[in-house]
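> Structure, please.
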Amino acid sequence: MNFELGTEQQEVKARAAEFADLEVAPYAAELDRDDRVPFETLEKLSEMGFMGLCVPEEYGGAGSDFLSYCLLIEEISRADAGIGVTLAVHTSAGTLPIVMYGSEDQKARWVPDLARGNRIGSFALTEPEAGSDAAAIQTSAGRVDGGYRLSGHKQWLTNGRIAGAAIVFACAPEGVTAFIVPTDAEGVSFGEHARKMGVVSATTDDMYLENVFVPEEDRLGEEGKGLSVALGTLD
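Numbering: from 1, shown residues only. All right, here's what the predicted structure looks like:
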C-alpha cells in the first residue's frame, strides 16, 4: 500500500500552507481579540478555489479528492482553527450533503454558489432540548400547499449568521426530514453569537425559525429519511 501523497495532493498542501502562513497566521491573534469573522480571508479562499475543493467540477467545484481537502483543512487550521472550522463546516456539512443526497435540480441550483463561496453553508441539527440527537429534535415541519412551514430553535450553528444556506432538520408528518433553507428566508433569525474560549473566528449562533416556508423542491431527500442524511453527513 502506497502512503505517499500524489502530485496533486502535494500541490494542494503546498498552496494551502503558503496561504496559511501569509494570509491566515499573521491575523489569527487579532481575530481572536476582536471576535471577528474574516470575510476578506474567506473571499481569498474562494478566489483560490478552496471553498469547493472536493466538490465535483460540474457543480462549480475544483474536483479534487477528499484527502486533498483534508490537507487543506489541516494547513488552514494550523494557522487559525476558527477559519479551518468555518471552511470545514461550509464544505462537509453545508455543501456535500446536497452533493450526496440532493436531486440534480437541487445540485444545479444550490451547489455552484456554495462551491464558489458566493454562499456560506451551515448545518442546523442541534437543539437546546435534544442536543445533536437527530431522533429527538422538536423543530416542526408542517405540510402546506406547495411545501412545508418550519418552526423551531436550533443551537450551536457554526457559520450561522454568515451563512447563505443551511441544511435544517425538522419533524415532518413522516418523521425527521432534511431541508435546504436560505438564511434570508422570511421568518429566519439569529440570536447573539456564542462567546467562546477557542475557534473564535468561526461564529457559532442560535437560529430561530418562525413559520418559515420551504418549497417542496428544497426538501433534501425523502420525507422521513432525514436521519440518514444527518448520520451520513456526520459519519
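> Stretch 173-192: end-to-end distance?
31 Å (C-alpha to C-alpha, to the nearest Å).
> Mind listing what's buried along it?
Val176, Thr177, Ala178, Phe179, Ile180, Val181, Thr183, Val188, Phe190 (16 or more other C-beta atoms under 10 Å). For every residue, glycine as well, the C-beta is placed using N, CA and C.
> Present the residues you listed as TSV; the columns should include distance to Ala130, secondary structure and pLDDT.
As requested, the buried residues of stretch 173-192 are exported to TSV (distance: C-beta to C-beta, whole Å; DSSP: H, G, I helix; E, B strand; the rest coil; pLDDT from 0 to 100):
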residue	distance to Ala130	secondary structure	pLDDT
Val176	11	strand	97
Thr177	15	strand	98
Ala178	15	strand	98
Phe179	17	strand	98
Ile180	21	strand	98
Val181	18	strand	98
Thr183	21	coil	97
Val188	19	strand	98
Phe190	19	strand	97
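> What are the boundaries of the helices in the protein?
7-19, 28-34, 39-47, 66-79, 81-88, 96-101, 104-115, 226-234 (DSSP state H).
> Centre of the chain to the first one, how far?
Computed by C-alpha atoms, centre = their mean, to the nearest Å, the chain-centroid distance of helix 7-19 equals 23 Å.
> In this structure, where is pLDDT below threshold?
Where the chain drops to pLDDT under 70, the residues are 1.
> Next, the residue lying closest to Glu30 once chain neighbours are set aside: phi, psi?
With sequence-adjacent residues excluded and distances taken as C-beta to C-beta, 6 or more residues apart in numbering, Glu30 is closest to Arg36, at 7.9 Å. Note on Arg36: backbone dihedrals following degrees, to the nearest 10 are phi -130, psi 140.
> related to what we said a few turns ago, so for Gly142, which of the helices of the chain sits nearest?
Between Gly142 and these, the tightest spacing by C-beta to C-beta is seen for helix 226-234, at 15.0 Å.
> Mind listing what's buried along that closest one?
In helix 226-234, counting by 16+ other C-beta under 10 Å, buried: Gly226, Val229, Ala230, Thr233.
> what's it packed up against?
Helix 226-234 is packed against helix 96-101, strand 165-172, strand 175-182, with contacts defined by 3 or more C-beta pairs under 8 Å, 6 or more residues apart in numbering; DSSP states H and E.
> That one to strand 165-172, inter-axis angle?
Interaxial angle, helix 226-234 versus strand 165-172 (axes from the mean of the first three to the mean of the last three C-alpha atoms, to 10 degrees): 150 degrees.
> what does helix 226-234 contact?
92-93, 96-97, 100-101, 123, 125, 134-135, 167, 169-170, 175-178, 220-221 (C-beta atoms under 8 Å, 6 or more residues apart in numbering).
> Can you flag the buried ones in those?
By 16+ other C-beta under 10 Å, the contacts of helix 226-234 give 92-93, 96-97, 101, 123, 125, 134, 167, 169-170, 176-178, 220-221 as buried.
> hang on, Gly117 packs against Phe39?
No: taking contacts as C-beta atoms under 8 Å, Gly117 lies outside contact range of Phe39: 10.4 Å.
> the more surrounded of the two?
Gly117 (23 against 10; other C-beta atoms under 10 Å).
> How about the contacts made by the more buried one?
Gly117 neighbours (C-beta under 8 Å, 6+ apart): Leu42, Glu43, Leu45, Ser46, Met51, Gly52.
> nearest residue to the fourth one other than its sequence neighbours?
Spatial nearest neighbour of Ser46, chain neighbours left out: Gly117 (2.9 Å); criterion: C-beta to C-beta, 6+ apart.
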